[in-house]
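Asks: 3D model of this:
(2 chains)
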Amino acid sequence: MSDRGPPRLGDILSYRPYRGIHLGPWRASLAISRYDLTLIFGKWLFWGLYLLGLLVFFLYFFGQYLLVWAGTLNDGQVMPAGPFGRIQIKDLVDALRGFLKMDGSPETFRNFLQTQGSIVMVVFALAGAQLIGNDFRFRSFPFYFSKPIRAHHYLFAKGLSAAVLLNLLTTLPALVLFFESYVLGDWQWSMAKLRLLMGIMGYGLVLTLGLVPIFLAASSGLTRTIPIAMFWIFVFIFLRGVGVTLTERLRLSNFFKLIDLWNDLNLIGNRMLGAAAEASVAPFQPPVWSAFLTLAILGLASLIYLRFRLGRVEVVR
Amino acid sequence: MRLFASCLGSSRFWERGEPSMILSLKNVTAGYLGRSVLGPIDLEIQQGAVGLLGPNGAGKSTLLKVLLGLMQPNSGEGTIAGFPLGSGVNLRRVVGYMPEADALIPGMKGIDYVSLAGELAGLPRRDASRRAHEILNVLELDEARYRLLDEYSTGMKQRIKLGQALIHDPPLLFLDEPTSGLDPAGRDAMLGLLKRLTRDHHKSFLLCTHLLGDVERTCSQVVLISGGKILFRGPTSGMKQGIPHEFEVELHAEIAGASFPDGWARQGGATQFLVKLKQDQDVRTIWKVAQDIGTFPVRVVPRQEDLRDRFTAILSQETEQQSLLERASKS
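Replies: Numbers count the residues shown, from 1 in each chain, chains lettered A, B, ... in the order given. Next comes the predicted model:
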């Protein structure tokens, strides 16, 4: 044992010259994104929303499993169903396959992604201020832009954070469901399955590219949670209602439904999933190309707005 | 990247501990929308602490933007810590900037804030985290590093901003009003930290402030800028040269009919004077004059003279010259 005793904190932690490596600015984007997600998942509210998403996922996961299990029983067999009394196996199979579409078909994933999309809307409405709005509100930009990164690195980082939030709720669990349906099925790989796998990832990509720029632009402009949530309600609930009224009630041109951005996203997503998912959507739909064009224009406008907003940021005042 | 590597290889003079030129600008101009607001300026600054003084609208912010690589100069050339001016992102690897605004991220802990700054500067995650702890130790933000930034006092905010500017070990720091909003004790602590940075860690910094006392206490050199032009550049002590030495003098007795040389102005009572000595005179002149008229001084108090006097004098000279030029051009 030394007479000097254990070293004091100050002896160990002293400021030293740095002689290590310097990584590129894209790695800095990953760091921003990581810290953003840490901040968001530091709040119980978001854990609650992701738990809700997990419940929907479990509904589909065990629904698919139940269908396969029920398929192994005799059609005429009756089974106990807890508080629902007794249920005919045939009715259960019909409900899971026909009504709930939990059979691993394109419609399964369409329904799942649309349901999860509603939770994504709530997550985005509440996360916008934390993710990018606060940087404008609290003038955090001198911190970022006095470092060796540019506006597009910052924007990429924020987009990546939003994409992770979105895909954790949509694409990732959908891929797990796809894998489950493959494992529970006949283990035969086919072009149809590959087409479905690509469709799921395509749907995720459409949601990401369609929603993230609009989300970032709205959050950077409105900055606070309440206005962002109101904007989100306006776009995805009010405009949806207006779109339905104009097309389905007043029987005006189907193009009026393009103002329903959520419908536009789903139209393109359904096309990705394949004919089965596309054919079963409601009538009064505009052509898919017009939905794509609408989202492309909005996405581009959002990016231009974001660039404009970041261009006006004063690092040195 | 190649440019960055070559610059690092050739000119990391700060690691060799040799006193050298930290900043050199030649004929640099900058402006917005075709309107020039800075320069042309020539500026060479040795390693050490430099004060940048100037009234509002003098061009300090524009100069800082150019030095940080956030704005391209319209013309001219220069180097900053061995890097060519206008090398943008790479320039910001060798400089640290402490902004005047809070620039904090709400909801983030102090340690995460400084670590993130390190990663933004290009440090790997582990290095950034380790250095963040080292720096916060130097800045005496002990347990406070685990608290949210929202809960920090003004003094702690200023220190954590200094920490994020230091994380990547830049040889040159730009400090924008580092004592803004601090109470006298906090200000003393911050200025002490800045002195330690130059003394113990051989950092150079450019201190932008309106508080001339801060420059007097921390900087060995000073640059005075106004109207986008450099009016004065040199040692802080040199800026005081040319200020007349002034003393408040009280004589033992009034001598009737005595005549006093130029620079002696009567104040209040008949035996009280304000004496302005010329450059070639020292305080013994006061005793000599008193002796010549048959008395002696009972109180000689030097008047407080500081950088403010010189700052004001230089600015008023500049204003006078400008108005003369304007009148001449009109006539």
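
Asks: and residue A:315, what does it touch?
Replies: A:141, A:142, A:145, A:146, B:65, B:68, B:70, B:97, B:99 (Cβ atoms under 8 Å, 6 or more residues apart in numbering or on different chains). Glycine gets a C-beta too; all of them are placed from N, C-alpha and C.

Asks: so what's residue A:264 up against?
Replies: A:210, A:258, A:291, A:292, A:294, A:295.

Asks: most neighbours, which of the residues you listed?
Replies: residue A:291 (26 neighbours; other Cβ atoms under 10 Å in any protein chain shown).

Asks: three-state assignment of the residue of the stretch 201-317 of chain A found nearest chain B?
Replies: Of the residues in the stretch 201-317 of chain A, the one nearest chain B is residue A:316, at a distance of 4.6 Å by Cβ to the nearest Cβ. Following DSSP: H, G, I helix; E, B strand; the rest coil, the label given to residue A:316 is coil.

Asks: so which bits of the stretch 101-250 of chain A are right by chain B?
Replies: A:130, A:134-135, A:138-150 (Cβ under 8 Å from any Cβ of the partner chain).

Asks: ranges for the helices of the stretch 1-150 of chain B?
Replies: B:2-11, B:13-16, B:60-67, B:110-120, B:125-138 (DSSP state H, counting those that start in this stretch).

Asks: same list (those helices) but as a markdown table, adding mean pLDDT.
Replies: Formatted as a markdown table, these follow (pLDDT from 0 to 100):
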| stretch | mean pLDDT |
| --- | --- |
| helix B:2-11 | 40 |
| helix B:13-16 | 49 |
| helix B:60-67 | 89 |
| helix B:110-120 | 97 |
| helix B:125-138 | 94 |
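
Asks: please work out which of the ones you listed is packed deepest.
Replies: helix B:110-120 (a mean of 27; mean count of other Cβ atoms under 10 Å in any protein chain shown).

Asks: what residues are up against the residue nearest the centre of chain B?
Replies: Nearest residue to the geometric centre of chain B (Cα atoms, centre = their mean): residue B:51, 1.6 Å. Taking Cβ under 8 Å, 6+ apart as the criterion, residue B:51 is in contact with B:207, B:209, B:214, B:215, B:218, B:219, B:221, B:222, B:223, B:236.

Asks: mind running it again at 7 Å?
Replies: The neighbourhood of residue B:51, defined by Cβ atoms under 7 Å, 6 or more residues apart in numbering or on different chains, consists of B:207, B:209, B:215, B:219, B:222, B:223, B:236.

Asks: before we move on, what about residue A:73?
Replies: residue A:89.

Asks: name the helix or strand for it, please.
Replies: Using DSSP states H and E, residue A:73 falls within no helix or strand.

Asks: buried ones among the contacts of residue A:315?
Replies: For the contacts of residue A:315, a burial check counting by 16 or more other Cβ atoms under 10 Å in any protein chain shown picks out A:141, A:142, A:145, A:146, B:65, B:68, B:70, B:97, B:99.

Asks: in strands only, show me these.
Replies: residue B:97 (DSSP state E).

Asks: could the buried ones among the contacts of residue A:315 go into JSON lines alongside distance to residue B:129?
Replies: Converted to JSON lines, the buried ones among the contacts of residue A:315 look like this (distance: Cβ to Cβ, whole Å):
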{"residue": "A:141", "distance to residue B:129": "23"}
{"residue": "A:142", "distance to residue B:129": "22"}
{"residue": "A:145", "distance to residue B:129": "22"}
{"residue": "A:146", "distance to residue B:129": "20"}
{"residue": "B:65", "distance to residue B:129": "30"}
{"residue": "B:68", "distance to residue B:129": "25"}
{"residue": "B:70", "distance to residue B:129": "27"}
{"residue": "B:97", "distance to residue B:129": "21"}
{"residue": "B:99", "distance to residue B:129": "23"}
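
Asks: how many neighbours does residue B:49 have?
Replies: 24.

Asks: pLDDT weak spots in the chain?
Replies: Using chain A. A:1-13, A:75, A:275-277, A:279-282 (pLDDT under 70).

Asks: please go with chain B instead
Replies: B:1-19, B:239-244, B:279, B:304-310, B:318, B:321-322, B:325, B:331.

Asks: now the strands for it?
Replies: Counting by DSSP E, the strands of chain B are B:21-32, B:35-46, B:49-53, B:75-80, B:83-84, B:95-98, B:172-176, B:204-208, B:221-226, B:229-235, B:245-251, B:264-266, B:272-277, B:297-302.

Asks: who does the last one pair up with?
Replies: Read it as strand B:297-302. strand B:245-251 (antiparallel) (DSSP bridges).

Asks: cool, and the first one?
Replies: Strand pairing for strand B:21-32, using DSSP bridges, gives strand B:35-46 (antiparallel), strand B:75-80 (antiparallel).

Asks: need the ones you listed in CSV with distance to residue A:25 and mean neighbour count, can you?
Replies: Formatted as CSV, the strands paired with strand B:21-32 follow (distance: least, Cβ to Cβ, whole Å; neighbours: other Cβ atoms under 10 Å in any protein chain shown):
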stretch, distance to residue A:25, mean neighbour count
strand B:35-46, 27, 17
strand B:75-80, 19, 18
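
Asks: tell me which of the ones you listed lies nearest to residue A:19.
Replies: Comparing those by their distance to residue A:19 (Cβ to Cβ), the top pick is strand B:75-80, with 20.6 Å.

Asks: what's the burial count for residue A:97?
Replies: Residue A:97 has 18 nearby residues by other Cβ under 10 Å.

Asks: give the contact list for it.
Replies: A:67, A:103.

Asks: residue A:263 should be in a helix, yeah?
Replies: Yes. When three-state DSSP is applied, residue A:263 is found to be in a helix.

Asks: hmm, it is touching residue A:257, no?
Replies: Yes. Counting by Cβ atoms under 7 Å, residue A:263 does reach residue A:257; the two are 5.9 Å apart.

Asks: tell me, what's touching these two both at once?
Replies: With Cβ under 7 Å, 6+ apart, residue A:263 and residue A:257 have common neighbours residue A:243.

Asks: okay, the two: which has more neighbours?
Replies: residue A:257 (25 against 22).

Asks: that one and residue A:251 touch, don't they?
Replies: No. Look at residue A:257 against residue A:251 with Cβ under 7 Å: they stay out of range, at 11.9 Å.

Asks: sorry, back to before: how about the contacts made by the closest residue in space to the residue nearest to the centre of chain B that isn't next to it in sequence?
Replies: Once flanking residues are discounted, residue B:51 sits nearest to residue B:215: 3.2 Å by Cβ to Cβ, 6 or more residues apart in numbering or on different chains. Contacts here follow Cβ under 7 Å, 6+ apart; on that basis residue B:215 touches B:51, B:53, B:207, B:209, B:222, B:236, B:307.
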